[in-house]
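Q: below: sequence and its predicted model.
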Protein chains: 2
Amino acid sequence: MSLTVVGSIAFDAVRTPFGERERMLGGSAVHFSLAASFFTDVRVVGPVGEDFGADHYEVLGRRGVITEDIEEISGGKTFFWRGHYEYDLNTAHTDDTQLNVFGDFSPKLSAASRDCDVLFLANIQPDLQRQVRDQCAEARFVAMDSMNLWIEISRDSLKQAIAGVDALLLNDAELRMLTNESNLVRAARQVMSWGPTIVVAKQGEYGAALFTKDTFFALPAFPLDEVADPTGAGDSFAGGFVGYIAAHPEQPLEADLLKRAMAHGTALASYNVQEFGTERVARLTPAEITSRVTDLAQITAFVDVPLSLRS
Amino acid sequence: MSLTVVGSIAFDAVRTPFGERERMLGGSAVHFSLAASFFTDVRVVGPVGEDFGADHYEVLGRRGVITEDIEEISGGKTFFWRGHYEYDLNTAHTDDTQLNVFGDFSPKLSAASRDCDVLFLANIQPDLQRQVRDQCAEARFVAMDSMNLWIEISRDSLKQAIAGVDALLLNDAELRMLTNESNLVRAARQVMSWGPTIVVAKQGEYGAALFTKDTFFALPAFPLDEVADPTGAGDSFAGGFVGYIAAHPEQPLEADLLKRAMAHGTALASYNVQEFGTERVARLTPAEITSRVTDLAQITAFVDVPLSLRS
């Protein structure tokens, strides 16, 4: 029972109305790994430069994330993203992107990483996602994320990558863009016609919605009166969602399991946004996750009581 | 146990990507009344012109709505709104507004309407909302809606109107605009500091969120693969929500009741958008409402199962 994730490992410079950080550990694979580390063994695959130090490895190491497949490119620099958010924390504004070692990245998975039970393809170029997916032929569950850039410039490759996975996790606006379908139910149905049996529409502050052939489920984001930095929320959600599934190999990929996976994803994402970058999730405890999932069950449940309506 | 609503009675011309109607019955008080009519006696207060015919009264009458307080202005024309929606059905584009008889409207409530148990002040000029609220001094529960226009041009009067009600129902963007607060939890808290004990943020296709001093609750919109016309969705939601509360005078205004009220509001709104204007709700049945609330409970519930997480 192990989980492999391939994606970006990055340094982020982020400014929000509530503070800023000049250089902090980030990247989709990092946020995903930390979140998933509460559920199962996680192996992270991705390139870093010589500027990636022992202290950065240690953030992952302290959570038990296996970093053997992090490829250090000699003479290279780690992927760098600079962005900011206005008071509308739903929209990230990119100020600078330096691909650095990510520009020539070709994923090489160790035997242990290839031998994973569950695979997550975080948001990277879809040709690379397909390469990795092909290397992990035995994985019982494969999920992926993507972004508007790849829909714009690599749509065909992206659709092929999607055809090869069990679950697509995507922002709702991107799901509409990908399918040219404004109705989210129809958009999800279209994606399912390509291959995946599970579609999760991430909806930022509104939460997330899950679609399968015969299930719809939606959860609001956990209500917070302070959000410091939304960077990595989607990847933390994915880490909780996919991690929960990885931790339950004996359970069928059906509504009961998927709903609980959504709740754990929601809990992880909510902690992630309370502080900058990985700060909060890096020191999160199992009890805090459990407590938030319980709260979430409480605030979304209602008991229907039969009522005599007027005809 | 009766419910009075004051608001607009209108003719709407609406075009969406899925069809159009040149002149159909609409207005906030109409959509609200039809939805609320499944729960209690509803009295509707508002002005119409000489062009408002027996067939229009009959749409309300067939649902048992009491129309005695509809004021017919001789020589006048009924309020008219023309709008359209693009594929993003969340945004209404107004093409024409003719206030007509609504321009000089001064609400005159009959003794029976003033004597209501529950009052809903649909979206009209806030001075008028306050006049009506003052006339219904005995109402045990008063709720109101508003819109961006009044936040822009009558903010002080609107805040005074809000101070006099128990519940404010508003679009989430308007709630932020009203309070100059981007965080929805804080925005709701600010509104509660003015007087109301209940705030409902309407979130369009994402559903609605409920805030009280010690409760948060959110429901997604019911998933639909065809939405014909979103006009009146918010008022239908309000009709289901307030109607449900009106039908349960014996129950405290606490979480259990409010959550079920939210579910019934969501059900009514979902039917409203499936066809144009009042077409669908006008022929809705109690069994259809009950069935949708049951489905909604199903698709939002998850059972939390204790899990041993990795520290």
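A: All right, it came through fine. The structure displayed is predicted, hence computed values, not measured ones.
Q: how many other residues sit next to A:Ser106?
A: By the other Cβ atoms under 10 Å in any protein chain shown criterion, the neighbourhood of A:Ser106 contains 9 residues. Glycine gets a C-beta too; all of them are placed from N, C-alpha and C.
Q: just A:Gly76 next, same as before
A: With neighbours defined by other Cβ under 10 Å, the count for A:Gly76 comes to 19.
Q: how about it, what does it touch?
A: A:Pro47, A:Val48, A:Gly49, A:Glu50, A:Asn100, A:Val101 (Cβ atoms under 8 Å, 6 or more residues apart in numbering or on different chains).
Q: for A:Met1, give me the pLDDT.
A: At A:Met1, the pLDDT value in this model is 67.
Q: now a ChimeraX select for only the buried ones of the contacts of A:Gly76.
A: Selection command for ChimeraX covering only the buried members of the contacts of A:Gly76, criterion 16 or more other Cβ atoms under 10 Å in any protein chain shown:
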select /A:47,48,49,100,101
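Q: which members of the contacts of A:Gly76 are the farthest-apart pair?
A: The widest separation within the contacts of A:Gly76, taken as Cβ to Cβ, falls between A:Pro47 and A:Glu50 and amounts to 11.4 Å.
Q: between the contacts of A:Gly76, which sits nearest chain B?
A: Closest to chain B out of these is A:Val48 (24.4 Å), distances taken as Cβ to the nearest Cβ.
Q: leaving out chain neighbours, which residue sits closest to A:Leu257?
A: Spatially, and ignoring its direct neighbours in sequence, A:Leu257 is nearest to A:Gln251 (4.6 Å; Cβ to Cβ, 6 or more residues apart in numbering or on different chains).
Q: revised request: answer the last question for A:Gly164.
A: Spatial nearest neighbour of A:Gly164, chain neighbours left out: A:Arg133 (5.0 Å); criterion: Cβ to Cβ, 6+ apart.
Q: ok, that neighbour - contacts?
A: The neighbours of A:Arg133, taking Cβ under 8 Å, 6+ apart as the test, are A:Leu119, A:Leu121, A:Val142, A:Met144, A:Ala161, A:Gly164, A:Val165.
Q: which residues touch A:Asp117?
A: Taking Cβ under 8 Å, 6+ apart, we find A:Asp117 in contact with A:Met1, A:Ser2, A:Leu3, A:Ala139, A:Arg140, A:Phe141, A:Ala246, A:Pro249.
Q: any chance of the contacts of A:Gly76 in a markdown table with pLDDT as columns?
A: Formatted as a markdown table, the entries for those read as follows, by pLDDT from 0 to 100:
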| residue | pLDDT |
| --- | --- |
| A:Pro47 | 97 |
| A:Val48 | 97 |
| A:Gly49 | 97 |
| A:Glu50 | 97 |
| A:Asn100 | 95 |
| A:Val101 | 95 |
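Q: does the most centrally placed residue in chain A belong to a helix, a strand or coil?
A: Within chain A, the residue whose C-alpha comes closest to the C-alpha centroid is A:Asp235; the distance, by Cα atoms, centre = their mean, is 2.6 Å. On the three-state scheme (DSSP: H, G, I helix; E, B strand; the rest coil), A:Asp235 is labelled helix.
Q: same deal with the one 5 residues further on?
A: Under the three-state scheme (three-state DSSP), the conformation of A:Gly240 reads as helix.
Q: neighbours of it, how many?
A: The burial metric for A:Gly240, expressed as a neighbour count using other Cβ under 10 Å, is 30.
Q: show me the common contact partners of A:Pro47 and A:Glu50, please.
A: Here A:Pro47 and A:Glu50 share the contacting residues A:Glu72, A:Ile73, A:Gly76, scored by Cβ under 8 Å, 6+ apart.
Q: where in chain A is pLDDT low?
A: Confidence mapping of chain A against pLDDT under 70 gives the ranges A:1.
Q: again, only using 80
A: A:1, A:306 (pLDDT under 80).
Q: regarding it, what is its longest helix?
A: Taking residue count as the measure and DSSP state H as the definition, the longest helix of chain A comes out as helix A:255-272.
Q: let's see the helix or strand following it as PDB, backbone CA atoms only.
A: Scanning forward in sequence from helix A:255-272 by DSSP states H and E, the next helix or strand is helix A:279-282. In PDB, the C-alpha atoms belonging to helix A:279-282 read as follows (Å, rounded to 0.1, in the frame of the first residue of the first chain):
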ATOM      1  CA  GLU A 279       3.500  26.100   7.400                       C
ATOM      2  CA  ARG A 280       0.300  24.800   8.800                       C
ATOM      3  CA  VAL A 281       0.100  21.300   7.300                       C
ATOM      4  CA  ALA A 282       3.700  20.700   8.200                       C
END
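Q: could you say which helix or strand holds the residue nearest to A:Leu257?
A: Following DSSP H and E, one finds A:Gln251 outside all helices and strands.
Q: tell me how many other residues surround it.
A: 15.
Q: phi and psi next, for it.
A: Geometry field for A:Gln251 lists phi and psi as phi -100, psi 140, criterion degrees, to the nearest 10.
Q: wouldn't it be in contact with A:Arg260 here?
A: No: the pair A:Gln251 and A:Arg260 fails to qualify as a contact (Cβ atoms under 8 Å) at a distance of 9.2 Å.
Q: among the contacts of A:Asp117, who's most crowded?
A: Among the contacts of A:Asp117, A:Leu3 has more neighbours than the rest - 30 neighbours, counting by other Cβ under 10 Å.
Q: so what's that one up against?
A: Applying Cβ under 8 Å, 6+ apart, the residues near A:Leu3 are A:36, A:39-43, A:116-120, A:242-243, A:246.
Q: with A:Ala29 instead?
A: A:Val5, A:Val6, A:Gly7, A:Ser8, A:Ile9, A:Val44, A:Val45, A:Gly46, A:Ala122, A:Asp235.
Q: what's the host helix or strand of A:Ala112 in contact with?
A: Mapping A:Ala112 onto the secondary structure by DSSP H and E places it in helix A:111-114. With contacts defined as Cβ under 8 Å, 6+ apart, helix A:111-114 is touched by A:Ser2, A:Thr4, A:Arg43, A:Val45, A:Ile66, A:Glu68, A:Asp69, A:Gln135, A:Cys136.
Q: now which of the residues you listed would you call buried?
A: Neighbour-count burial (16+ other Cβ under 10 Å) applied to these gives A:Ser2, A:Thr4, A:Arg43, A:Val45, A:Ile66, A:Asp69, A:Gln135, A:Cys136.
Q: columns secondary structure and distance to A:Ser106 on top of the residues you listed, output as a markdown table?
A: Listed next are the buried ones among the contacts of helix A:111-114 as a markdown table, based on DSSP: H, G, I helix; E, B strand; the rest coil; distance: Cβ to Cβ, whole Å:
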| residue | secondary structure | distance to A:Ser106 |
| --- | --- | --- |
| A:Ser2 | strand | 22 |
| A:Thr4 | strand | 16 |
| A:Arg43 | strand | 17 |
| A:Val45 | strand | 11 |
| A:Ile66 | strand | 20 |
| A:Asp69 | coil | 13 |
| A:Gln135 | helix | 11 |
| A:Cys136 | coil | 16 |
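Q: helices along the stretch 151-300 of chain A, start to end?
A: A:155-163, A:172-179, A:184-194, A:233-246, A:255-272, A:279-282, A:286-300 (DSSP state H, counting those that start in this stretch).
Q: three-state assignment of A:Arg23?
A: Local secondary structure at A:Arg23 is given as strand here, using three-state DSSP.
Q: that one and A:Asp51 touch, don't they?
A: No: at 9.4 Å, A:Arg23 and A:Asp51 do not qualify as touching, with contact defined as Cβ under 8 Å.
Q: if we can go back for a sec, and the residue nearest to A:Leu257, how far from A:Arg140?
A: The gap separating A:Gln251 from A:Arg140 is 12 Å, by Cβ to Cβ, to the nearest Å.
Q: before we move on, what about A:Ser28?
A: According to Cβ to Cβ, A:Ser28 stands 22 Å off from A:Arg140.
Q: and if you look at A:Val101?
A: Here the criterion is Cβ to Cβ. By it, A:Val101 lies 31 Å from A:Arg140.
Q: what do you get for A:Ala13?
A: 38 Å.
Q: go on, A:Leu109?
A: Here the criterion is Cβ to Cβ. By it, A:Leu109 lies 17 Å from A:Arg140.
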